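In: A structural model of the following input is requested.
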Amino acid sequence: MQRDQIDELILASIKDKIFPGAVVLIGSKDKIEFLRSYGTADGAKNMSDDFLFDIASVTKCFTATAILKLIDEQKLSLDTKLHELVPEFGRLDFLSPLSVASFLIGKINGAGVDDITIRQLLNNTSGISNLTRVATTIAYITRPRSEGLIREFLSYYPLHKSGGKALYNNMNATLLGLVIERITKKSLALAMNDLIFEPLDISQMMFNPPVSLKNKIIPTGQRIGRGLIWGEVNDESAFLLGGISGHAGLFSSASDLWKLGVVWTGEGRYKNKQFIKPNLIKEAFLEEAKEDNYVYCLGWGVNNPGFIQNKKFKIYGRVGFTGPSLVICPELKKVIVFLCNRTFFSRANSEAMNKVRSKLTDLVIDAKQ
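Out: Numbering: from 1, shown residues only. Below you'll find the predicted structure:
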């Protein structure tokens, strides 16, 4: 492993103020091979490898895994229709200019809600657009945490036919979180604990971490109206939804993220126990859909530029807006966890952040060839 080059990459990024500090973990399906912390949490406090980070959209990996676990338990299937579990979606129960506009545009485009499946939510081919981002921006400015926001989100009609081109958005994972709640009859936080955290010995991952853990939590920067975001989810819509959503909200240490990577690089096994059947893991990797230069399978991106440049192998990953990434290479049985708080200095440095993540992945993968 090119440890010196990894150190050089991360320390140079800290010097360039892409982020104040980071934790890097590299492991196999059997063990952690490299775990190191760099820099500071906030420009002053030294980083530690057991600190908790807001993992933003990396939460989607856990939502997808929970869905596959329920499929493995035969409580639903990839072809289960969304409307069977969330019948209120797209029904205009909440009238607003956005919901009416989405309905009219969707109808013109031949979109519908009755044919959307779990499979399409997982690989972003549901036809659902990112209207929730517009609504979140409005709500974020005009009102504090809103219990009615999810009802508003559910009123938006898909803008495109399902089963076509992939359209990445947060609403797909938000809906999957609701599906998990409807099937388990538990809150998403409790369902995640039962389905994933306990079976995988995950002890430092949670939604809405308690104040008692604040000293172990990495701040993610300043926001107008919220001040320094420290111990609360950075994502606006997850924040407005109470800090718990299928698309964002989880806080985690590096070692706990590695455990999910173990399952996905080990054909669904963890500690010699079958967590998810191998054929389901294989199917999840094979279900690919494209959106321009991006490819998605069931719950993961595939060889996407946000985390890889060298595409000699199939590399699967998920990146988060606040900086983190979870990257796996099943062929090489390799797991790469990168945690940082790139939004601490700026929310506009995503291109530089992508280069750092991609370079890290390349260094690890090249070393294994």
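
In: show the contacting residues for residue 291.
Out: With contacts defined as Cβ atoms under 8 Å, 6 or more residues apart in numbering, the neighbours of residue 291 are 124, 165-168. Where C-beta positions appear, they are placed from N, C-alpha and C, glycine not excepted.

In: could you check the pLDDT of the nearest residue to residue 168 once chain neighbours are set aside?
Out: Nearest residue to residue 168, sequence neighbours excluded (Cβ to Cβ, 6 or more residues apart in numbering): residue 124, at 5.2 Å. Residue 124 is assigned a predicted lDDT (pLDDT) of 95.

In: count of neighbours near residue 124?
Out: When neighbours are counted by other Cβ atoms under 10 Å, residue 124 registers 24.

In: report the contact partners of it.
Out: Taking Cβ under 8 Å, 6+ apart as the test, what residue 124 contacts is 166-169, 172, 289, 291, 296.

In: out of those residues, which are buried?
Out: 166-167, 169, 172, 289, 291, 296 (16 or more other Cβ atoms under 10 Å).

In: rewinding a little: mind picking the lowest-pLDDT entry from the contacts of residue 291?
Out: Scoring those by pLDDT puts residue 165 last, at 87.

In: which residues in the stretch 101-250 of the chain form strands?
Out: 206-207, 222-223, 227-228, 250-252 (DSSP state E, counting those that start in this stretch).

In: mind listing what the first one pairs with, with the direction of each?
Out: Taking DSSP bridges as the criterion, strand 206-207 sits next to strand 250-252 (antiparallel) in its sheet.

In: next one: the second one
Out: Looking at strand 222-223 with DSSP bridges, its partner strands are strand 227-228 (antiparallel).

In: what comes into contact with the strand it pairs with?
Out: 219, 221-222.

In: in the residues you listed, which residue is surrounded by the most others?
Out: residue 219 (21 neighbours).

In: ok, it - contacts?
Out: Contacts of residue 219 (Cβ under 8 Å, 6+ apart): 41-42, 228-231, 341, 344.

In: repeat that for residue 344.
Out: Here residue 344 is in contact with 19-20, 42-43, 219-221 (Cβ under 8 Å, 6+ apart).

In: tell me which of the contacts of residue 291 is nearest to residue 11?
Out: Distance to residue 11, by Cβ to Cβ, is smallest for residue 168 among these, at 31.9 Å.

In: and that closest one, what is it in contact with?
Out: Per Cβ under 8 Å, 6+ apart, neighbours of residue 168: 124, 291, 294, 296.

In: for the contacts of strand 227-228, give me CSV that also has pLDDT.
Out: Formatted as CSV, the contacts of strand 227-228 follow (pLDDT from 0 to 100):
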residue, pLDDT
219, 97
221, 93
222, 90
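
In: residue ranges in the chain under the pLDDT threshold?
Out: Scanning the chain for pLDDT under 70 picks out the ranges 1, 132-148, 368-369.

In: pull the helix ranked longest in it out as PDB, backbone CA atoms only.
Out: Longest helix in the chain, counting residues (DSSP state H): helix 350-368. Taking Å, rounded to 0.1, in the frame of the first residue of the first chain, the C-alpha atoms of helix 350-368 are listed here in PDB:
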ATOM      1  CA  SER A 350     -16.700  20.000  -4.900                       C
ATOM      2  CA  GLU A 351     -14.500  19.700  -7.900                       C
ATOM      3  CA  ALA A 352     -11.300  19.800  -5.800                       C
ATOM      4  CA  MET A 353     -12.900  17.300  -3.400                       C
ATOM      5  CA  ASN A 354     -13.700  14.900  -6.200                       C
ATOM      6  CA  LYS A 355     -10.100  15.000  -7.300                       C
ATOM      7  CA  VAL A 356      -8.900  14.100  -3.800                       C
ATOM      8  CA  ARG A 357     -11.300  11.200  -3.500                       C
ATOM      9  CA  SER A 358     -10.500   9.900  -7.000                       C
ATOM     10  CA  LYS A 359      -6.700  10.100  -6.400                       C
ATOM     11  CA  LEU A 360      -7.100   8.200  -3.100                       C
ATOM     12  CA  THR A 361      -9.000   5.400  -4.800                       C
ATOM     13  CA  ASP A 362      -6.500   5.300  -7.600                       C
ATOM     14  CA  LEU A 363      -3.600   5.000  -5.100                       C
ATOM     15  CA  VAL A 364      -5.200   2.100  -3.300                       C
ATOM     16  CA  ILE A 365      -6.400   0.200  -6.400                       C
ATOM     17  CA  ASP A 366      -3.100   0.700  -8.300                       C
ATOM     18  CA  ALA A 367      -1.200  -0.700  -5.300                       C
ATOM     19  CA  LYS A 368      -3.200  -3.900  -5.500                       C
END
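
In: please enumerate the helices of the stretch 201-350 of the chain.
Out: Applying DSSP state H, counting those that start in this stretch to the stretch 201-350 of the chain gives helices spanning 236-240, 254-265, 278-286, 350-368.
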